[in-house]
Every structure is written in structure tokens, then in C-alpha cells.
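Participant: give me a 3D structure for the following:
(one chain, ligands or ions: 1)
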Amino acid sequence: MRRTAKATGAARAGSGKNEGGSRHPSRRPEASKPDLRAPPAPDQAVGALPQTELMPGLYLVATPIGNLGDISLRALAVLNGADRIFCEDTRVTGKLLARYGISTSLGAYHDHNAERVRPAVLTALRRGERVALVSDAGTPLVSDPGYKLVRAALAKDLPVTAIPGPNAAVTALILSGLSPDAFLFAGFLPPRQAARRRALARWVAVEGTLVFYESTQRLTESLADMGEVLGDREAAVARELTKLHEEVRRGRLADLAAHYRLAGPPRGEAVVVVGGADHSEPDEAEVDQRLRSALAELGLREATAKLAAETGMPRRKLYRRALAMRDKKK
Ligand code: SAM
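Facilitator: Residues are numbered from 1 along each chain as shown. All right, here's what the predicted structure looks like:
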């Protein structure tokens, strides 16, 4: 087991099969490109860090989602002190390491080679190596590779720890102006409309704020579907976070969809944050109004099910109400 010596040089490795896990590969947008314009301050250079001995194990290291200044001192120390680093794209992580003068050996661990590389990572861990896992940007495992590796390491009682840091979902949530008290991170929605609507229907009754990753190319369609399925709630689109053109656009889902329909798909990367379901019972006149509009488009059962999901009101109560409305009309 090596404790102090550190391998140098970059092993630019491979390809292969899909790791699977929580991320849908076809939904994968362009990777966050680190903002390389900002040079590190002299006191951020890795040479200035105290050289602490790293314990053997797997280190899950968060890296910047745009601004390279957002790397933590501990992340730099671990990346510098590890025996090797596994990353999604050795070119992306190579640039981050070069910026901080780190020459730790790099290997690829991504959706397409994870099945093949995972046993080698586990062997290294069993030998007592210090292995760091990073993704192209942000926190590994969060809509990024690593979940199966962590499961496998834990199953073999190998030490796993995390160096927390940037994450687009939490950054968007705290900038959204929507309640951060309880939230549900839903990752990427399916790219096709029918599947996307089905996925959204799963979250319709959730009271907590909803957080989605979305490709900017699909933003308009997704916002429109969210408005249809979840109701026209308050929302925010947080784009290019921590980068030069950071923007947070807040408004109702229908207004946001209308904005992007007119303006066209924006550049870069985006997170959509949507207010949670409001289960406080709407007043009777409002319920009747909403039932009437639902019944104009849907059958009795579908209309009451939709309203029950949106309001949290008992379906049976709504059904009786809808029946009474229909009978009154006759
Ligand atoms: N693991 C990363 C994290 O911790 O945030 C997320 C990786 S996921 C493959 C990439 C998605 O995260 C993008 O499509 C976008 O939805 C979101 N994202 C990443 N960086 C972002 C940024 N700077 N601004 C807005 N959204 C970002």
C-alpha cells in the first residue's frame, strides 16, 4: 500500500458498457465546461496546501459547476494526494488539475466503461490505495456516474468518504426564491413528451419544492408540460450558475414557457425549480370552477383524479361534487 508516493502522468483510458444508475444516458446534455478564464489566486495553488496524509479509501470529490474558484481546499488536497483519480472525461478533469498544478494519474470512469473499470477500482481500493472519483462538474453520483461503484465498495466494507462542494441542484434551489424547507430532486425528465408527462405525474402531489435538471434545448417543451401536469405553479429557471452569464428567471410555469418559446432555447445548462403542491383546500367556488374546466376536457373519473392529484382533496368527495354538478346541469 502506497501512502506518500504519488503516481504522475495521465493515463488516458477507455470505453465500454454503460454503468446505468440513476442517469439516463440519452438525456445527458453537454457537460458543464469549467470557466478557465479565472486564474487561481496564488494562495489557491496546490503547493500552498498543507500536505496531509490521506487514509486509504474511495474519495467522492465535488468539483466546480462552472467557476474554477469554487474548488475547495480539501478537494485540492485529496486530488493532489490520491494515488489516482477516476473521472468522466480525462480532458475536462485534466484542465482542472493543470490549473492547480496537480499531476495525479487520471483514468476514465464513465457510463460506457464502468462495468469494465469498476473491478479494477475495487482491486485498487482493496490494495489500500487512495482513489478519488470526480465527474465533469459538480458532485459525483448526482445525475453522474459513481453510484454502483459506491454500492460495490460499501458491500465489500471498503472505506468511502466524500469531499462536498458544488452542486447545481442545491445552488438553483437556494437562488429560486422557492421554499427550501423540503425539496425533491427529480434529476432529468425523459426526453419524449408522453414519458415526461408520466414522470411529472409522479410528483404532482409532492408538497416540497421540485428540482429538475433539463437540457436547455428541451426547456420550452418541459416547462409547458410541467404547467399542464403540475398546474401553473411558481417556478424558476437557473441557468449558467457560477458562470459569466448566470441568470435566474422566476415566474409562473406558463409565463416561463411563453418566454422561451419566443426567445428560443437559451445557451448553456439549466436547472428548473418548481413550487410544491399546495394541499390547503381551495374554497368551494374555486373547486367548482376547476372541476368545470377539467370536465370540459375529460371524463368524470379522469377529471376528479386530476383535481385530487392537484389539490390533495379526497377523490370520492370530488367525484360526488362533479356528479352533483352534472345532475344540476341536466
Ligand atoms: N453532478 C452535477 C451536479 O452536482 O450538479 C450534475 C451533472 S448533470 C450530468 C448536468 C446537469 O446539471 C445539467 O444538464 C444542468 O441541468 C445541471 N447543471 C450543471 N452545471 C450547471 C450550471 N452551471 N448551471 C445550471 N445548471 C447546471
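Participant: ranking helices and strands of the chain by mean pLDDT, which lands last?
Facilitator: When each helix and strand of the chain is scored by mean pLDDT, DSSP states H and E, helix 300-311 comes last, with a mean of 79.
Participant: after it comes which helix or strand?
Facilitator: Sequence order places helix 315-329 as the next helix or strand after helix 300-311, per DSSP states H and E.
Participant: show me what counts as buried in stretch 173-181.
Facilitator: Within stretch 173-181, the residues that count as buried by 16 or more other CB atoms under 10 Å are 173, 175-176, 178. For the C-beta atoms, the positions are set from N, CA and C on the backbone; glycine is no exception.
Participant: for A305, which non-adjacent residue is closest in space?
Facilitator: R315 (6.2 Å; CB to CB, 6 or more residues apart in numbering).
Participant: same deal with A162?
Facilitator: Setting aside the residues directly before and after it, A162 is nearest to L60 in space (CB to CB, 6+ apart), at 4.3 Å.
Participant: these two touch, right, the one you found and G165?
Facilitator: No: using CB atoms under 8 Å, L60 is not in contact with G165; the gap is 10.1 Å.
Participant: quickly list what's touching both of the two.
Facilitator: Residues touching both L60 and G165 (CB atoms under 8 Å, 6 or more residues apart in numbering): T139.
Participant: hang on, the earlier thing: show me which pair in the buried residues of stretch 173-181 is furthest apart.
Facilitator: Pairwise distances across the buried residues of stretch 173-181 peak at 9.6 Å for L175 and L178 (criterion: CB to CB).
Participant: now do the SS call for G128.
Facilitator: Using DSSP: H, G, I helix; E, B strand; the rest coil, the secondary structure recorded for G128 is coil.
Participant: that one and the ligand, how far apart?
Facilitator: According to CB to the nearest ligand atom, to the nearest Å, G128 stands 28 Å off from the ligand.
Participant: on that earlier part again, pLDDT value on the residue nearest to A162, please?
Facilitator: L60 carries a pLDDT score of 98 in this model.
Participant: tally of neighbours for it?
Facilitator: Other residues within reach of L60, judged by other CB atoms under 10 Å, total 20.
Participant: report the closest residue of this protein relative to the ligand.
Facilitator: Residue of the chain nearest the ligand, by CB to the nearest ligand atom: G138 (2.5 Å).
Participant: what bridges to that residue?
Facilitator: When bridges are assigned using DSSP bridges, the partners listed for G138 are T63.
Participant: gap between it and K95?
Facilitator: The gap separating G138 from K95 is 16 Å, by CB to CB, to the nearest Å.
Participant: am I right that E310 is in contact with A277?
Facilitator: Yes: because the distance of 7.1 Å satisfies CB under 8 Å, E310 is recorded as touching A277.
Participant: so what sits against both of the two?
Facilitator: 204, 230.
Participant: what's the neighbour count on the closest residue to R301 other than its chain neighbours?
Facilitator: Nearest residue to R301 in three dimensions, chain neighbours excluded: Y319, at 7.6 Å (CB to CB, 6+ apart). Y319 is flanked by 18 other residues according to other CB under 10 Å.
Participant: let me see the contact set for Y319.
Facilitator: Residues counted as contacts of Y319 (CB under 8 Å, 6+ apart) are 300-301, 304.
Participant: change it to 10 Å
Facilitator: For Y319, the set of contacting residues under the criterion of CB atoms under 10 Å, 6 or more residues apart in numbering consists of 291, 300-301, 303-305, 307-308.
Participant: and A296, by the same measure?
Facilitator: With contacts defined as CB under 10 Å, 6+ apart, A296 is in contact with A303.
Participant: do you know how far it is from K329?
Facilitator: Remark: distance between A296 and K329 (CB to CB) = 12 Å.
Participant: ok, now H279?
Facilitator: Summarising the geometry, the distance separating H279 from K329, computed by CB to CB, is 29 Å.
Participant: those two: which is more packed in?
Facilitator: Using other CB under 10 Å as the criterion, H279 and K329 rank with H279 on top: 12 against 8.
Participant: so the more buried one sits in a helix?
Facilitator: No: the assignment for H279, made by three-state DSSP, is coil rather than a helix.
Participant: pop out the phi and psi values for it.
Facilitator: Per-residue torsions, H279: phi -90, psi 0 (degrees, to the nearest 10).
Participant: same check on G264?
Facilitator: Note on G264: backbone dihedrals following degrees, to the nearest 10 are phi 90, psi 160.
Participant: what's the answer for the one 10 residues further on, then?
Facilitator: Dihedral pair for V274: phi -130, psi 140, per degrees, to the nearest 10.
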